[in-house]
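# what follows is a predicted protein model with its sequence.
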Amino acid sequence: MKLTRREFVALGAASAFARQPDSDDVFFASITELNARLRKREFSSVELTKAFLDRLEKQGPQLNALALSMRKSALRTAKDADDEMKRERFRSVLQGIPFGAKDLFSVEGHVTTWGAKPFAEQRHNETAAVLEKLEKGRSVLIGKLSMIELAGGPSYSSASASLTGPCLNPWNRDYWAGGSSSGSAAAVAAGLVPFALGTETSGSIITPAAYCGITGLRPTFGLVSRSGAMALSPSLDKIGPMCRTAEDCGHILAAIAGGDRKDPGSAGKNFYYAPQFARPFQQLKIGYSPAEFEAASDSVRPVLKAALEVVRSFGAELVEKSLPEFPYGDAVSTLISAEAGYEFRELIESGRVNELADAQQIEGLKKGLDISAADYLKAKQAQLEITEAFSRLLYEVDVYLSPSRLSTANHAHQPFAQQKTGAGRSAIIPASNIAGVPALSVPCGFADGLPVGIQFLGPAFSENRLLSFGVEFQKRTNWHKQRPAG
């Protein structure tokens, strides 16, 4: 049988991919690596998408990480991406790349559960702004990823507080993937998607990124539109990428950032990933608190100190700095409780709140309706004061370095209160979230067989600077290239 040139090229591309669908060099490749191979036509976006879909649909349920497969629409988008690339119409490095999104982002006509039983059949007539932007660039949404019910607000007692069950850590399935964006982190860590979108109100990007050994970027408050995403605490909610590398995070943020009149909290700013303009590290100051590193659990402490030495080797000046003294936890708790109570008042008043999986969360949501205006305004005033204090701190240094978490992941099947989690979480998580400043967590080693992360924080809209630190750290280490067994 004689093949046409088009059939021959297609067969050659399929054969090249057929040798690799189960290979780590595909499923654990960075976005830039995958994009280069797509442009060389080693395989098509349709072939790449099918391979990731098969892997996600098989392994996602094993980790309790998959909420909904998007196979039909994904293959349609992938075909569009292929058609454009055949015509040499190249949009960005994200073109034709599969990805997943936390199940609080609405997709028109599809179920969006918010991880909670009362919303198990919920559908919206709109698609979240971030997903529309990625679709416009021909990125391929292949699945909605699991999450803690209602993004964890105001509090919850165990990893089981989810419609899909506790999301398991790919490095050890006895442990949790961490935070309300656990499905996004687990899927990236296990090579089920090249990247995913998560959200953070108080730690839900940074924590699962650290627990799962991936790179997570929490952007400046207001930089990414939250239109079409479930609201938990409008004063604190942020959307960001969860990826293999810091460079990947930069490309994704460039695609999803931008002003949006539909989001009252939008900063009205765009973001352009411009690593070529990064200042030399020798001209920069890095603030850090030795006490934070000492506060880590016994097994994590030496890993964090080794990471600190890697950063020291950059040539920047390290300056000892301490966080300003504020009741960060109380202020964050009040804001989340009051605003979550308002956002979910219909759920609470109807009694359907009792359908949630976690008793502590049910009680917390009910109490949110009782927070007084005086207490809420007090918390808002504290937010202003904390933001100003952070501005002063980050004026004195260019970057602040901190542990992402002070201990490794929690057990997945025990209530948190019953676990000995060592030092747990430091004040930097609520402090930086209430101040609305960006942070980048990168993997920096292992303790007790589980990943450890370190984070770079900076002033508002300093994402390019943070990414330059992350890229340099990942040039000098290979922790981001490690892969869980299985």
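Yep, that arrived.
# how much space separates the closest residue to P275 other than its chain neighbours from D248?
Nearest non-adjacent residue to P275, counting by CB to CB, 6 or more residues apart in numbering: S468, 6.0 Å away. For every residue, glycine as well, the C-beta is placed using N, CA and C. Note on S468: its distance to D248, by CB to CB, to the nearest Å, is 14 Å.
# could you list the low-pLDDT ranges of the stretch 301-450 of the chain?
Low-confidence segments of the stretch 301-450 of the chain, defined by pLDDT under 70: 420-425.
# in the helix or strand encompassing the residue nearest to P275, what's buried?
Counting by DSSP states H and E, the element that carries S468 is helix 463-476. Residues of helix 463-476 classed as buried: 463-474 (neighbour count, 16 or more other CB atoms under 10 Å).
# now stretch 34-42
Buried residues in stretch 34-42, counting neighbours by 16+ other CB under 10 Å, are found at 34-35, 37-38, 41-42.
# out of these, who's nearest P170?
Set against P170, the nearest of the buried residues of stretch 34-42 by CB to CB is L34 (19.6 Å).
# in this structure the residue nearest to P275 contacts Q276, no?
No. At 10.0 Å, S468 does not count as touching Q276 under the criterion of CB atoms under 8 Å.
# burial measure for D370, as a count.
Number of residues near D370 (other CB atoms under 10 Å) recorded here: 10.
# correction: I454
What I454 shows, counting by other CB under 10 Å, is a neighbour count of 28.
# how about L467, nearest residue that isn't a chain neighbour?
Using CB to CB, 6+ apart and skipping residues adjacent in sequence, the residue nearest L467 is G250, 4.6 Å away.
# specify the local secondary structure of the one you found.
Under the three-state scheme (DSSP: H, G, I helix; E, B strand; the rest coil), G250 adopts helix.
# likewise the one 10 residues further on?
The three-state assignment at D260 reads coil, by three-state DSSP.
# can you give me the strands in the stretch 251-400 of the chain?
In the stretch 251-400 of the chain, the strands defined using DSSP state E, counting those that start in this stretch lie at 285-288, 317-320, 399-403.
# wait, which of those is closest to F344?
Nearest to F344 among these is strand 399-403 (31.7 Å), distances taken as CB to CB.
# can you give the distance from that closest one to the centre of its chain?
Strand 399-403 has its C-alpha centroid displaced from the chain centroid by 18 Å (CA atoms, centre = their mean, to the nearest Å).
# my guess is V107 meets M70, correct?
Yes. Using CB under 8 Å, V107 is in contact with M70, at 7.4 Å.
# give me the common contacts of those two.
Counting by CB atoms under 8 Å, 6 or more residues apart in numbering, the residues touching both V107 and M70 are 141, 144.
# pLDDT wise, what is the residue nearest to P275 at?
Listed pLDDT for S468 reads 98.
# what residues are up against it?
Counting by CB under 8 Å, 6+ apart, S468 makes contact with 275, 278-279.
# any idea how far it is from S462?
10 Å.
# swap in I239?
Counting by CB to CB, the gap between I239 and S462 amounts to 18 Å.
# who has more neighbours, these two?
Neighbour count, other CB under 10 Å: between I239 and S462, I239 has more, with 28 against 18.
# returning to what we had before: between the contacts of S468, which has the most around it?
In terms of neighbours by other CB under 10 Å, the contacts of S468 top out with A278 at 15 neighbours.
# ok, it - contacts?
Going by CB under 8 Å, 6+ apart, the list of residues near A278 reads 464-465, 468.
# just give me the closest of those to K378.
For the contacts of A278, the minimum distance to K378 (CB to CB) is 33.2 Å, reached by R465.
# wait, the closest one sits on V397?
No. Contact criterion CB under 8 Å: R465 and V397 do not qualify, at 11.1 Å.
# count the neighbours of P264 for me.
Neighbours of P264 under the rule other CB under 10 Å: 10.
# give me the angle between the longest helix anywhere in the chain and strand 399-403.
Secondary structure of the chain read by DSSP state H shows that its longest helix is helix 373-396. Relative orientation of helix 373-396 and strand 399-403, computed by axes from the mean of the first three to the mean of the last three CA atoms, to 10 degrees: 110 degrees.
# for Y175, helix, strand, or coil?
Assignment for Y175 (three-state DSSP): strand.
# what's across from it in the sheet?
Here Y175 sits in beta bridges with H411, going by DSSP bridges.
# next: P451.
For P451, the residues forming beta bridges with it (DSSP bridges) are F446.
# wait, it sits on P170?
No. Here P451 lies out of contact with P170, judged by CB under 8 Å, at a distance of 9.7 Å.
# name the residues contacting each of these two.
Here P451 and P170 share the contacting residues C212, scored by CB under 8 Å, 6+ apart.
# how far away is S404 from F277?
Counting by CB to CB, the separation of S404 from F277 is 26 Å.
# ok, H480 next?
Taking CB to CB, one finds H480 at 23 Å from F277.
# who has more neighbours, the two?
Remark: of H480 and F277, H480 carries more neighbours, 21 against 9, as counted by other CB under 10 Å.
# go ahead and confirm that one touches C444.
No. Assessed by CB under 8 Å, H480 is found out of contact with C444, at 9.4 Å.
# so what sits against both of these two?
Common neighbours of H480 and C444 (CB under 8 Å, 6+ apart) do not exist.
# that older thread, turn the buried residues of helix 463-476 into JSON lines, including distance to Y156.
Formatted as JSON lines, the buried residues of helix 463-476 follow (distance: CB to CB, whole Å):
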{"residue": "E463", "distance to Y156": "30"}
{"residue": "N464", "distance to Y156": "35"}
{"residue": "R465", "distance to Y156": "34"}
{"residue": "L466", "distance to Y156": "29"}
{"residue": "L467", "distance to Y156": "31"}
{"residue": "S468", "distance to Y156": "36"}
{"residue": "F469", "distance to Y156": "32"}
{"residue": "G470", "distance to Y156": "30"}
{"residue": "V471", "distance to Y156": "35"}
{"residue": "E472", "distance to Y156": "36"}
{"residue": "F473", "distance to Y156": "32"}
{"residue": "Q474", "distance to Y156": "32"}
